[in-house]
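# The sequence and its predicted three-dimensional model are supplied below.
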Amino acid sequence: MTDQPRYDSNFAIFAIALDLFFILSQLIHFVRSSNMAESHHGENGANSLAIDPANEQTPLLHPNSRNGMATIDGMLADDESNETDVDPNEFDLMLSRSTSFNGGLGIEAQSQETSMLRRTQVHHAKRVSRTSSPDSTTRKLLPNGTSHEGPPDEGGDSPKSQYLGGVSVKRFWLIFSCILLSFTLSSFDSTIMVSSHPVITSYFHSSNSASWLSTAFLLTSTSFQPIFGRLSDATGRKLPYLFSLAIFVLATIWCALAQSMISFIVARAVCGFGAGGMISMGSIITSDLIPIETRGAYQSYLNIMYGLGSAAGAALGGAIADHLGWRWEFGVQVPGLVICWFVSYFTVPSTLGRSKEHKTIRDSLKVFDYKGSFFLTSTVTFFILAINLGGNIFPWSHPMIITFIVLTVICLPIFIRTQYHASHPIMPLSLLTRNPRAGLIFANSLGAVLINGVLFNIPLYFQAVLLETPTASGLRLIVPSLAASSIGTLTGFLITWTRELKAPLIAGTILAIIGTVALSCMDRHLPDWTYILLLIPSSMGQGFVFPGTFMAVLAVSEQSEQAVVTTTLVLWRSLGQVLGVAVSSLVVQNSLLVFLEENVTGPDKQKVIEAVRSSVQAIAGLEKHYRDQVVDSYAQSLRATFVLAAVLSVVAFFITLRIRLPKLGHRA
């Protein structure tokens, strides 16, 4: 495989320089405008409306909230009463404490999210006067629901910004645009790996190490995500976000320049470290800036961009690998990442999200849970290494595998003990032991296991069983990716509009069952159009489950817990993604050995088995007698993976069914 000719390299360098010049010019204009607006704001500060981040301190729904939520009929998603139900009057007051959406919108007054909330705002306004709270004597509410307390808007050029943290509309959209772009590039990167990993592993003659391309990335992103969340409580969101972006940029360049399989795997591991921080910090910053009652709409925007990135990666990944070389799959990401870093440097507030319990960063770092961070990272790392290497690279009886298992067993109880005694635990155990948050986190993780197991092995099915090119197999993923994106977008708006949290989760798990059962029945003699159709249900289930659990777990958590709750949810989702890749690869590789031994016959049996295990592309070059035997072996081993995914989807359904979630409020 050849590298891209020189004229393409020169063109790429020119494009990068042009992009950087444009963004820097826009930033200079923004900084000048902000300075002028701040001066004007200082002169007219007495007339400004204070935006108080503390208004978001009270969650919309929190089972242990100090507001004493009353039990009423009809608040649960399954129409049952529960101690987590929210009194409608009390819910109205909690909404009034959040920054109102009535004024200073950065979009048209009749925007979609505003129209969604209009009826509930009118209904709430009629009843707020009859609502009381322990805080009613100490906090006087403005007519629009904003508190008199709090500092003035220090970072904005508009006194009517509906966003939190003292951020103006213009500044918010610059920040949020960077988050959108980073999510797009992250999904582009992950989908590219799904569609082109057979090409990369064949290039290095290491097809039996295919799972490491994704596992190395997910291993580091999973292990370090909680650290970013809790660390950002001490330092603020800006420094961890910029640091993770920089790491991701450098590691992406390293991936493009890697000269061996080991170097590429290490680069993917470093890339995962940066991506984990970039995604988790992007989600946390979004939670810090957007009131909970409208967060579903903005989550939908993230889902749109994530879906577009996934579709672009699926469509272009194989084509880039076939025509330009797989190294350019990573090179094309660099300009956008550089733009994100520069814009974020100038726009993200330095004090955003910093804990108010300690006056300085040094004081905050003194109570950081270093022991918990170390043992959490160690536990996750040793566990993933054991299940990925065992039975694939090394036998389960190998001393290295046994060592990893023993270290996992040792580190896990030590980590649990540290969390009981830590003043600021890296992952509070209450998140994993008390419903509804525990059920939401585990359902989310299990959904990630089955979805990622399916997505990782579908391109392998197309290339090893249907004998398609990487380009063709990648194009087949476009429609499922768009389906997941569309449903994910719809889910966010539906939650904002209906205030129903449980229904999307039930719908998603049912679709996952239908989709995985359909894939288990897939055969290589089906018409071409049926393969795309069979992929859609599980992708739609993904679109319901992931945004639904994210919104639900934030809605039942305090604002002060947003960072640790977000990173814990993302940790378990990423852990599920790692397990999905590792376990499905384990099933495929081990069952493939069995089926190849049973099905392949002939004098060159061992030679054929070694060739097709090291390179999927070797299958097409075999004699028809051997090729049919190998194709049948791959089809049988992949069917075993899809059956396992179907079983897990049933388990996820019953976990979700038992979760009791209150609605976000009654509609007029």
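Perfect, thanks for sending it.
# sec struct for the residue nearest to Ser473 when sequence neighbours are not counted, please.
Ranked by C-beta to C-beta, 6 or more residues apart in numbering and with sequence neighbours excluded, the top spatial neighbour of Ser473 is Phe462, at 3.7 Å. In this view, the C-beta of every residue, glycine as well, is placed from N, C-alpha and C. Under DSSP: H, G, I helix; E, B strand; the rest coil, Phe462 falls in the helix class.
# Phe462 and Leu526, how far apart?
In this view, Phe462 and Leu526 are 12 Å apart by C-beta to C-beta, to the nearest Å.
# Compare the two and say which is more crowded by neighbours.
The residue with more neighbours, out of Phe462 and Leu526, is Phe462; 24 against 13, by other C-beta atoms under 10 Å.
# I'd like to know the predicted local confidence at that one, please.
The score at Phe462 is 88. That number is its pLDDT.
# right, and it touches Arg476 too?
Yes - here Phe462 reaches Arg476: they are 6.1 Å apart, a contact under C-beta atoms under 8 Å.
# joint contacts of these two?
Applying C-beta atoms under 8 Å, 6 or more residues apart in numbering, one finds that Phe462 and Arg476 are jointly contacted by 468, 531.
# coming back round to it: quick one: residues contacting the residue nearest to Ser473.
Each residue near Phe462 by C-beta under 8 Å, 6+ apart is listed here: 468, 472-473, 476, 531.
# That one and Val616, how far apart?
In this view, Phe462 and Val616 are 10 Å apart by C-beta to C-beta.
# Distance from the chain centre to the helix or strand containing Phe342, please.
Per DSSP states H and E, Phe342 falls inside helix 334-347. Centroid displacement of helix 334-347 relative to its chain, using C-alpha atoms, centre = their mean, to the nearest Å, is 20 Å.
# again, but for stretch 504-522
The answer for stretch 504-522 is 21 Å, by C-alpha atoms, centre = their mean.
# pLDDT (mean, whole number) over stretch 377-390?
Mean pLDDT, computed over stretch 377-390, is 81.
# what sits up against it?
For stretch 377-390, contacts defined as C-beta under 8 Å, 6+ apart pick out 211-212, 215, 219, 222-224, 227, 396, 398, 400-401, 404-405, 407-408, 411-412, 415, 575, 578-579, 582-583, 585-586.
# In helices, which of those fall?
Judged by DSSP state H, the contacts of stretch 377-390 include 211-212, 215, 219, 222-224, 227, 400-401, 404-405, 407-408, 411-412, 415, 575, 578-579, 582-583, 585-586 as members of helices.
# related to what we said a few turns ago, among the contacts of Phe462, which one lies nearest to Thr286?
For the contacts of Phe462, the closest approach to Thr286 (C-beta to C-beta) belongs to Arg476, at 31.9 Å.
# surely the closest one meets Tyr531?
Yes - between Arg476 and Tyr531 there is a contact under C-beta under 8 Å: 6.3 Å.
# one step back: and the helix holding Phe342, C-alpha only, in PDB?
The C-alpha trace of helix 334-347 is given here as PDB (Å, rounded to 0.1, in the frame of the first residue of the first chain):
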ATOM      1  CA  VAL A 334      -5.700  17.100  12.900                       C
ATOM      2  CA  PRO A 335      -6.900  20.500  11.500                       C
ATOM      3  CA  GLY A 336     -10.300  20.300  13.200                       C
ATOM      4  CA  LEU A 337      -8.700  19.200  16.500                       C
ATOM      5  CA  VAL A 338      -6.200  22.100  16.400                       C
ATOM      6  CA  ILE A 339      -9.100  24.500  15.800                       C
ATOM      7  CA  CYS A 340     -10.900  23.100  18.800                       C
ATOM      8  CA  TRP A 341      -7.900  23.700  21.000                       C
ATOM      9  CA  PHE A 342      -7.400  27.300  20.000                       C
ATOM     10  CA  VAL A 343     -11.000  28.300  20.300                       C
ATOM     11  CA  SER A 344     -11.400  26.600  23.700                       C
ATOM     12  CA  TYR A 345      -8.300  28.300  25.000                       C
ATOM     13  CA  PHE A 346      -9.800  31.700  24.400                       C
ATOM     14  CA  THR A 347     -13.500  31.000  25.300                       C
END
